[in-house]
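In: here is a sequence together with a model predicted from it:
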Amino acid sequence: MKRTIQILFIVITTSFIFYGCMKDNMHPITEFNTSNDGVFIVCEGNFMYGNASLSYYDKNNRTIENTVFLKANGIPLGDVAQCLTINGSTAWIVINNSGKIYAIDINNFKYKGKITGLTSPRYMQFINPNKAYVTDMYSKCVYIVDPNTYSVTNTININDNSETYYRHSSEQLVFCDDYMFVNSWSYDNKILIINTLTDKLVDSIEVLNQPRKIVLDNNKKLWVLCDGGYDGSSFYGEAGILKINTNTFEVEQTLAFQTGSKAIDLKINRTGDTIFFINNHIYRMSINQNYLPEEEYINSNGHNFYALGCDPYNSDLYVSDAVDYMQSGVIYRYNSSAECIDSFSVGIIPNSFVFK
Amino acid sequence: MFVLFPICGFTQDIYFPDSIRVFDEICILAKKDINQSGVKIIKIDSLIIENKILSDLSTLLSENSPVFIKSYGKGSLSTASFRGTNASHTKVSWNNVSLNSPMLGMVDMSQIPVAIADNIILYHGSASLSKNSNAIGGLIELNTLPVWKKGFRGEFASSVGSFSTYDNQLKLNIGNKTIQSVTKIYKSSSDNNFPFYNYDITNSSIEFRQNADYTKKGFVQELFFRTSEKSILSFKGWYQQSSRGVPGLTTNEVGINSIINRQNGDHVVYSAEYTWYGNKSKIEFTHGGNYQNFDYKSENYINGLGYLKVVAATSRSFSTYNSLSNKYKITDKTEITGRLNYNYHNVNSLEQIYNETYDTTRQEGGIILSLFTGEIKDFRLGVLLRQDFYDLKLSPFIPSVFAEYYLNQNFIIKASCARNYNLPGLNDLYFSPGGNPDLKPEKGYSIDGGIQNLIKKDRIAIQSEISINYSSITDWIMWRPTSMGYWTPANVDKVTAYGADCNLNLKYLISDFYFSHNANYAYTKSQNKTQSDINNDNSAGKQLPYIPLHSANVFSRVEYHKFYISYQWNYYSERHTSSAAEPGVLVSIYPYFMNDMAVGKIFEMKNFKLDLNIRVFNIFNESYRSILWQPMPGRNYGVQLLIKFK
């Protein structure tokens, strides 16, 4: 009997050793105070892994700080960080599969507020300091938000009421002469046009399948990168780059890629006269050119190039390598001569660069 | 004779409580088929099966075997990994019918109630080769067995637990010495809306888990006929209907009831078996089928439009499994076995919103020849040759050798070396988006060795086994994201998995106390050895995602004059989620420790036995998760009643 009690005692006390080993709330806080010119790098992470993160690169000192949102606030960013928009001293981070937008201070990365209750938010664009649009993959509307109250004040209906696929989704936003141009990417082939004075959908332009990225050049022409969908899909088509006249809403130029392309990102330089795009390699093209460049600007050399960033203050080009999409990505910084002047590791799937 | 049955029989003279089949397992292992020489096979203790009769296979295996279970929570997706391999390398069969989805290649362990099986056997690595399986990792065999007793018997188990969790099972046996009928009916359901403190968002507070409810209900009918002195014919059928929510992450702030993700399914499995026992041979014929129909939908609430489906996917498959085997005893100590397999799969996958679909069939077959002998004193040796085909293509030829050496009465040394392969699942090949029709079968070889110890003294019985294993698998199939957003599988050049595992089954009497312990430990190193052609890829040499380096569990029970107390302890070391096994809270999960306890009393009467117990899960009320951003319940309770009619 005595031995039995001893054994029971040992079993129970041993189990107490493991009490408290699992802690969900152990995220220490780090204080930041950045004022130098810097670059936010949004790392979207993997869908349903909740491993999105935000990195901050100090351009002058060439130092990188990863997971700054987690470190500054003690909470994870969420699931699939889609984009970041700066307005004044606030950075707005859209967290797609968490249905929210976090607002943080651009210098110390501290939480300021959040907009929640969004279905599948994608991108955010300010019309003025008191009004912004937020696009959404599934809500069939564009949200109008008040950044001062962190609330949705109204919606713009973009439902096409068709039974075909799930339309319209809305993605990137480009503001031009009171019109907001919105690409409808997922299983769609439209550029939607919203009058920002009336907050109404007024027109749409048919483009190639899956318009993925849009930029505006210095001639107020809208450039659209269409990825064409994916091979084997019921919605697979030609991929290419189109140029749209924002006054007439007409497609002026269509440049199709060869079959099997992997067109995934499009950016324009600070002067608005040269576009850069990723199609396996990185290509550079003048806005006046009416054919696709044959030679790559930067060869991928085995990298999985995923996103581009053109520094608006100089001619530096930032390129992200998503590696295998399941580990830390790598950023390369090139100067105007396409020489790599720095590289560093960031979070998983770095998808965009935002310059402070 | 001693070599073949080294210790069977010695347990008959020991006293243990009537209600407990103390040494069944040891006897069966000792009397095991000579065709199972040289390999590691674990039969789950009947006491554990009885203790977890209302659980699912996921819970039972994670707590009582060296198999690692990756679980998203109770009732949610749970997959099994043997020795560092992945979920599709673990095969599960019920009465010789595969439960693996021909589309996914894997089995959701949370959908398999323990109640559908009378015994559960784990075949590690090459041990599965003699079966109708290409299990690189291992095979989990669930079987129902007849008890040729005359009359009516029954068993009723019921439990009520926290978060509106109800589990009920009724089992009825009726028959005589020539015919037996077994009927099982069960239902498990839970709102599973447990409270948790959400540390993962600003303005943290206590929340209730949403959309994690589940229900599964079904029945099993078994008929056994002793058609002659030398033959048995049996029919078994299992039907299950299931429905469950698929909860979101803790970081989600879309809003309560704004997103509904649900999976509903119907599952029908049947098996017909005929066994003929001759003087020197045993002939078995099995025909079985497996129909699976699962719907998955994801709906978002849109203001003004209500709930809109964004995903509406249906997966249907029907598979038949056929085998004919003849085991022939050349001498008393030498057996030769021949086996023919033929399987057919017909699958259909449809996603309605985006009109993505595929519809295909696959044929598989093969021939197995094996020879096992115990002619050399203290040795058992075996060789197995297997040639399979699929869709008129030859699979890699699989030779394997097995050896056992009986060091003395108590120790057996085992070793085996085998090739193996695994076909890509049909979703791997054809799913849209992402399917890769160019995938090759995974091929590998494994080397196993170990020592098994069987000891019985007057009031103690010990069964233990220590094994080491090494597997090298080329063309390992791994799903990875792409630049287009969807995931796609590819053949990774090479993965090696090696490690050691040990298990201990210990039962002893001290005074009037009867102790029973079952412990497992596994060390698993599973690494991607591919020198990637992707620049900056640091995954080479790193532990594969979600495979713990260490895992262990202990189940202990002490019984005293029909009162008993049991304790369950589980442990997994840190797991990583990135391919390069990077550190950090976003890509790794802290070690997992879990403690559960039960206290009960057995009442024995003339015609029935009643077992009533109270259970406490997560007794230290830990706030934890086993998958990133998927909360788990704090301390919770259950009351279980088990009644057996004699």
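Out: Perfect, thanks for sending it.
In: right, and the helix or strand after the helix or strand harbouring B:Val160?
Out: In this structure, B:Val160 sits in strand B:151-161 according to DSSP states H and E. Sequence-wise, the next helix or strand downstream of strand B:151-161 (DSSP H and E) is strand B:165-175.
In: in the chain, which helix or strand is least confident?
Out: No chain in the question, so chain A it is. helix A:2-16 (a mean of 56; mean pLDDT, DSSP states H and E).
In: next SSE downstream of it?
Out: strand A:38-43.
In: so what touches the next helix-or-strand element following that following strand?
Out: Downstream of strand A:38-43, the first helix or strand assigned by DSSP H and E is strand A:53-58. Strand A:53-58 has contacts (CB atoms under 8 Å, 6 or more residues apart in numbering or on different chains) with A:32, A:34, A:36-43, A:45, A:63-70, A:77, A:81, A:84, A:93, A:109, A:331, A:344, A:346-348, A:350, B:586. Where you see a C-beta, it was placed from the backbone N, CA and C, and this is true even at glycine.
In: can you flag the buried ones in these?
Out: By neighbour count, with 16 or more other CB atoms under 10 Å in any protein chain shown, these hold A:34, A:38-43, A:45, A:64-70, A:77, A:81, A:84, A:93, A:109, A:331, A:344, A:346-348, A:350, B:586 as buried.
In: ok, the residue of chain A found nearest chain B - contacts?
Out: Proximity of chain A to chain B (CB to the nearest CB) peaks at A:Gly99, 3.2 Å away. Contacts for A:Gly99 (CB under 8 Å, 6+ apart) come out as A:116-121, B:252-255, B:258-259.
In: using TSV, lay out those together with distance to A:Asp199 and secondary structure.
Out: Formatted as TSV, the contacts of A:Gly99 follow (distance: CB to CB, whole Å; DSSP: H, G, I helix; E, B strand; the rest coil):
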residue	distance to A:Asp199	secondary structure
A:Thr116	22	coil
A:Gly117	19	coil
A:Leu118	17	coil
A:Thr119	19	coil
A:Ser120	20	coil
A:Pro121	17	strand
B:Asn252	28	coil
B:Glu253	25	coil
B:Val254	23	coil
B:Gly255	23	coil
B:Ser258	23	coil
B:Ile259	26	strand
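In: need the buried ones from the residues you listed selected in PyMOL.
Out: Typed into PyMOL, the line below selects the buried ones among these, using 16+ other CB under 10 Å:
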select buried, (chain A and resi 116+117+118+119+120+121) or (chain B and resi 252+253+254+258+259)
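In: what helix or strand is B:Phe603 on?
Out: strand B:592-604.
In: direction included, what does that strand pair against?
Out: strand B:563-572 (antiparallel), strand B:608-617 (antiparallel) (DSSP bridges).
In: now, of the ones you listed, which is deepest in the fold?
Out: Counting by mean count of other CB atoms under 10 Å in any protein chain shown, strand B:563-572 has the highest mean neighbour count of these, with a mean of 20.
In: ok now that one, how far from the chain's centre?
Out: 20 Å (CA atoms, centre = their mean, to the nearest Å).
In: pull the contacting residues for B:Asn346.
Out: B:317-319, B:360-361.
In: if you set the cut-off to 10 Å instead, what comes out?
Out: Each residue near B:Asn346 by CB atoms under 10 Å, 6 or more residues apart in numbering or on different chains is listed here: B:102, B:291, B:316-320, B:359-362, B:426.
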